[in-house]
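Participant: Need a 3D model of the following:
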Amino acid sequence: MNYLVLIENKQEELPSLVNESNLNQESIKDGMTVKGCNSCIQAIEQCVKKSHPSLRPNAGVAFFVELNDQERLVVVQEIKKTYSRIINVDEVVKAIRTALLEDHGLQIYGVVLLKTGSLPKKLDRKIDYHACQNAFLDDSWDAIHTWTLNPQQDLQQLQADVNALLEHVQMYIEQSQFKVS
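Facilitator: Below you'll find the predicted structure:
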């Protein structure tokens, strides 16, 4: 029996005909709607690998995990060997978060940065998405860095940034008043 599976991408609709033998959960989960936004996993992975020069092409995965009854986006990405000792992990995470927010309107829940060759693979040398999901949920990665969304920490950072900006504005106003007098 044949099934018609419609995977929606932001730019186009791509219907693909699959039969029962190659219909699996990965095919169904390939395109998802998160908070009303249609997202294609491959488009997300492409966006991530282009977000920072330290990220290895074709060495990353994006997947959704269910936490507190919500689907959350997680990215696991290998770092190029040449960057492994000099990487600024906060800069890389920020680049990934910014790219996904700007290009897809998605807020990411987790980022795992791995050494080259660390992604789990199946016998056919394809990345094992289920092993990646399980490793994230079990926190069993040997990762260079793992980041997860912490709204309280983000709020504190935003408040610190606002306070620093206010100090600069106050100094500018004081200097401007001094010069006018």
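
Participant: check contacts around the residue nearest the centre of the chain.
Facilitator: What sits nearest the mean C-alpha location of the chain, by Cα atoms, centre = their mean, is V75, with 4.1 Å. Contact analysis of V75 by Cβ atoms under 8 Å, 6 or more residues apart in numbering lists I44, E45, V48, G60, V61, A62, I96, L100, I108, G110, V111, V112. (Each C-beta comes from the backbone N, C-alpha and C, glycine too.)

Participant: I'd like the residues you listed laid out as CSV, including pLDDT.
Facilitator: Converted to CSV, those look like this (pLDDT from 0 to 100):
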residue, pLDDT
I44, 93
E45, 93
V48, 95
G60, 95
V61, 95
A62, 95
I96, 97
L100, 94
I108, 91
G110, 95
V111, 97
V112, 97
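
Participant: L137 contacts V65, correct?
Facilitator: Yes: applying Cβ atoms under 8 Å as the test, L137 and V65 come out as touching, 6.1 Å apart.

Participant: Which one of these two is surrounded by more residues?
Facilitator: Neighbour totals were compared for L137 and V65, and V65 leads with 16 against 13 (other Cβ atoms under 10 Å).

Participant: And the pLDDT at that one?
Facilitator: pLDDT for V65: 90.

Participant: Show residues contacting the strand or helix carrying it.
Facilitator: For V65, the element it lies in under DSSP states H and E is strand 55-67. Outside of strand 55-67, the residues within contact range by Cβ under 8 Å, 6+ apart are 29, 32, 34, 41, 44-45, 48-49, 71-80, 92, 109-110, 116, 119, 127, 129, 132-133, 136-137.

Participant: Filter those down to the ones in helices?
Facilitator: Counted as lying in helices by DSSP state H, out of those, are K29, I41, I44, E45, V48, K49, V92, Y129, C132, Q133, F136, L137.

Participant: The fourth one: neighbour count?
Facilitator: Looking back up the chat, that one is E45. For E45, the neighbour count with other Cβ under 10 Å is 21.

Participant: how about the contacts of V75 in JSON lines, adding distance to S54?
Facilitator: Output for these, formatted as JSON lines (distance: Cβ to Cβ, whole Å):
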{"residue": "I44", "distance to S54": "18"}
{"residue": "E45", "distance to S54": "16"}
{"residue": "V48", "distance to S54": "12"}
{"residue": "G60", "distance to S54": "12"}
{"residue": "V61", "distance to S54": "17"}
{"residue": "A62", "distance to S54": "17"}
{"residue": "I96", "distance to S54": "11"}
{"residue": "L100", "distance to S54": "16"}
{"residue": "I108", "distance to S54": "17"}
{"residue": "G110", "distance to S54": "18"}
{"residue": "V111", "distance to S54": "13"}
{"residue": "V112", "distance to S54": "14"}
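
Participant: That concludes my questions; thank you for your assistance.
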